[in-house]
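Chemist: Below is the structure, and that's it, no one-letter string:
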C-alpha cells in the first residue's frame, strides 16, 4: 500500500489554495483512483444519472452532495459495482479504476469489491460477535491463522477508534453496540480487508453529533492510507472533512415528465462552498434551494 | 395540590357513543370466534386423551401388533412406531435438503427469472394437492414397478413435505435483511459465501422450525401411505423392500376393524401420534426462540 506521509497531504493542500479563477480541478500527485467519463446509470427504463464525468484522487476525501433523488448514492454504488445486485441496473460510459475499466466483461465484481469497500447508511453489523464481524472479510479472503486474525481485528478496531470500548467484549454480539459504535464496527470491518478505497454512503445520517464527530475524526485519521468517497446530506460535514466536493442535482424535463440526476459542479471543497461557479450550486450551499 | 384546584376538572374518558358500542360489539365477536375455534380443538384432544390414555403403557408402545383378535390390554403398536420413525425419517432426509436448497435458489439465485417464478408457483400448487393424490402418484410411478415398501411411503410423504419446506424456508430467507447481504458483498464475498456465512445462519432457526412442522404434518398423514406401504403388523427393517407399517395407517386399519380391542388400540395409537406431533411443535418453538434470541 502507498504510504504517503501525512505532511505531504497538508503541504499539498496549502500549495493548491484556491483562487477565484481556479475553477478546474487541478491534477494532483499520482494517477486518479477513479475516472468516470460520460457515465449514465439506468434502472431498467429509468435513467437515474446522466452524463457524469469526474475523477477521484488518491488519499483525498471526496464528498458527493445534493438533494434527494439526485443520484449521488447511485454514482457511489457504481464505483464498486454494488449496483450489479440491483435487477435491471445498467451503466453506460466508462468508469476507470486505476487505469482499468470497471465494467469490462472480464472484470469480476467480487475482485473489485475486495479492493473497494463500502460503509452503508444504516449500520449493518452481522448478527455475530464483534470479533467475527471484523474477521469476516479476512476469513473470506482465506486468512485462517488465529494469531494473524487477532492482529487484524485489533488493528482494524484501533483504526476505527473502537478498540478501547470493545476490547473486553470481543466475543459479545455486535448487535448490542450503540448506533455509533456499530457504524465504527462496520468501518473496522471494511478496513480489515485493507481496501484501497472506502466508499461511505451517508455513514453518519443515523448517528448523533458526538458519534458523527468520532467518525469524522476517524476519516481524517485514515485518509493518509485510504482514498475515501463519501455521500452526505450534511453540508457542514462535507466542508469539515472533504478535500473535493461534487454537487449533484435533479434535472427535470417537464415535456416528457422525466427526471434524472446530473453532476452540476465538481471542484475543491472551498470553491464549491465559498465561490461556486454555477448558480444552482450557490443556491444549494447557501440553503436557498433543496 | 394548589395548581390542581385552580384548574377545571378534565374529563378524559371516552364519551358514550356509537363508536364505543361498535368497539364492544366487535370485541365480543372476536372473543366468540376464538371460542368457536377452540371448541373443536378441545373436543378432539379431550376425546383422544379420554379414550387413548387408558390403553397407553410402556408395553403398549413396544409390544408387537396382535395378528389375531385380542382384547385391548394385549399387544401394542411397537412396529407402527418403528415404521413411522423410519419412514418419516427417510422422508425428512429426502425432502428437507431438497426443499431448503430449492428455497435458496428461489431467494438468492433465481431472483425474478422465469425458472424461479415457475418453481415458486409449482410449490404453491403442490401445497394444495390432496395427500391421497401424492400416494396415487407414487403408487403409479414406483409401487407398480417395484412393489410396496417403506421407501415408497417415504417418497409419498417427501412429496407432501417438499412444498411446505420450500415455502417456509423461502419466507425465512426473505426475512433476512438485504443490508446484511450487501455488507457481505461489499467485502468481496461471492454469492455462495454470502448465502453460507450470512443468509443461512440468520435464517437457520426459522428453517429448522419450518422443517419440524413439515415433519409433524407428514407423521400424521394416512392417505399417502395407503397405496405405498400396504400396512402390515410386523416390523420390517428393510425400507427398500416389502410392505411396512406406520402409526396413521395402523390407526386406520384398527379403527375400521369391528373388534373392540383393535379399536381401543387405535385410540392409543392416535394419542401417541398426537403426543409425537405436540413434541415436534414444542421443539420447533424452542429452536425458533433460541435462534431468535441469539440473533438479537
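Modeler: Noted; the coordinates are in hand. Source: prediction; values computed, not measured. Residues are numbered from 1 along each chain as shown, chains lettered A, B, ... in the order given.

Chemist: ok, now which ones touch the residue of the stretch 51-200 of chain A found nearest chain B?
Modeler: Relative to chain B, the nearest point of the stretch 51-200 of chain A is residue A:114 (3.2 Å; C-beta to the nearest C-beta). Just so you know, the C-beta spots here come from the backbone N, C-alpha and C atoms, and that holds for glycine as well. Contacts were defined as C-beta atoms under 8 Å, 6 or more residues apart in numbering or on different chains; by that measure residue A:114 touches A:141, A:193, A:195, B:187-188.

Chemist: Likewise for residue B:162?
Modeler: Residues in contact with residue B:162 (C-beta under 8 Å, 6+ apart) are B:95, B:98-99, B:102, B:123, B:126.

Chemist: Looking at the residues you listed, spot the one nearest chain A.
Modeler: residue B:102 (20.3 Å).

Chemist: Backbone dihedrals for that closest one, please?
Modeler: With angles defined as degrees, to the nearest 10, residue B:102 sits at phi -60, psi -40.

Chemist: State the number of residues packed around it.
Modeler: 23 (other C-beta atoms under 10 Å in any protein chain shown).

Chemist: three-state assignment of the closest residue in space to it that isn't next to it in sequence?
Modeler: Of all residues not flanking residue B:102 in the chain, residue B:166 sits nearest, at 4.8 Å (C-beta to C-beta, 6 or more residues apart in numbering or on different chains). Here residue B:166 is helix, with the state taken from DSSP: H, G, I helix; E, B strand; the rest coil.

Chemist: Now do the contacts for residue B:166.
Modeler: Residues in contact with residue B:166 (C-beta under 8 Å, 6+ apart) are B:99, B:102-103, B:106, B:123.

Chemist: Repeat the analysis, applying 7 Å as the threshold.
Modeler: B:99, B:102-103, B:123 (C-beta atoms under 7 Å, 6 or more residues apart in numbering or on different chains).

Chemist: pLDDT score assigned to the residue nearest to residue B:212 when sequence neighbours are not counted?
Modeler: Counting by C-beta to C-beta, 6+ apart, residue B:284 is the residue found nearest to residue B:212 once chain neighbours are left out, at 4.0 Å. Here the pLDDT value assigned to residue B:284 is 87.

Chemist: ok, now which ones touch residue B:284?
Modeler: Counting by C-beta under 7 Å, 6+ apart, residue B:284 has contacts B:209, B:212-213.

Chemist: if we can go back for a sec, show the buried residues in the contacts of residue A:114.
Modeler: For those, a neighbour count by 16 or more other C-beta atoms under 10 Å in any protein chain shown gives the buried set as A:193, A:195, B:187-188.

Chemist: picking that back up, nearest to chain A among the contacts of residue B:284?
Modeler: Looking across the contacts of residue B:284 and measuring by C-beta to the nearest C-beta, the closest to chain A is residue B:209, at 17.1 Å.

Chemist: what's around that closest one, how many residues?
Modeler: If you count neighbours by other C-beta under 10 Å, residue B:209 ends up with 24.

Chemist: can you pull the contacts of it?
Modeler: B:284, B:287-288.

Chemist: JSON lines for those, including distance to residue B:199?
Modeler: Shown next, in JSON lines, are those (distance: C-beta to C-beta, whole Å):
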{"residue": "B:284", "distance to residue B:199": "20"}
{"residue": "B:287", "distance to residue B:199": "18"}
{"residue": "B:288", "distance to residue B:199": "17"}
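
Chemist: if you look at those residues, which of them are in helices?
Modeler: B:284, B:287-288 (DSSP state H).

Chemist: pLDDT value on residue A:25, please?
Modeler: Note for residue A:25: predicted pLDDT of 44.

Chemist: Show me which residues of chain A are close to chain B?
Modeler: A:80, A:82, A:85, A:87, A:110, A:113-114, A:117-118, A:120, A:122, A:124, A:126-127, A:136-137, A:140, A:175, A:193 (C-beta under 7 Å from any C-beta of the partner chain).

Chemist: so where is the chain shaky, pLDDT-wise?
Modeler: Let's take chain A. For chain A, the stretches with pLDDT under 70 are A:1-31, A:288-290.

Chemist: hmm, I had chain B in mind actually
Modeler: B:1-5, B:292-296.

Chemist: Residue of it nearest chain A, please.
Modeler: residue B:188 (3.2 Å).

Chemist: In which helix or strand does that residue reside?
Modeler: Residue B:188 is part of no helix or strand, with elements assigned from DSSP states H and E.

Chemist: OK, contacts around it?
Modeler: Residue B:188 makes contact with A:110, A:113-114, A:140, A:193, according to C-beta under 7 Å, 6+ apart.

Chemist: do the same with residue B:81
Modeler: By C-beta under 7 Å, 6+ apart, the contact set of residue B:81 is B:61, B:247, B:272.

Chemist: what comes up buried for the helix or strand harbouring the first one?
Modeler: Yep, that's residue B:61 we're talking about. Element membership of residue B:61 [criterion: DSSP H and E] is helix B:58-62. By 16+ other C-beta under 10 Å, the buried positions in helix B:58-62 come out as residue B:60.

Chemist: Show me what that helix is in contact with.
Modeler: Against helix B:58-62 from outside (C-beta under 7 Å, 6+ apart): B:76-78, B:81, B:268, B:272.

Chemist: Could you dump the contacts of residue B:166 into CSV with secondary structure added?
Modeler: CSV is the format used below for the contacts of residue B:166 (three-state DSSP):
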residue, secondary structure
B:99, helix
B:102, helix
B:103, helix
B:123, helix
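
Chemist: and which of the residues you listed is nearest to residue B:279?
Modeler: Nearest to residue B:279, judged by C-beta to C-beta, of those is residue B:99 at 21.7 Å.

Chemist: returning to that earlier point: phi first, then psi, for the residue of chain B closest to chain A.
Modeler: Dihedral angles for residue B:188 - degrees, to the nearest 10 - are phi 90, psi 20.

Chemist: now residue A:37
Modeler: Dihedral angles (degrees, to the nearest 10) for residue A:37: phi -130, psi 120.
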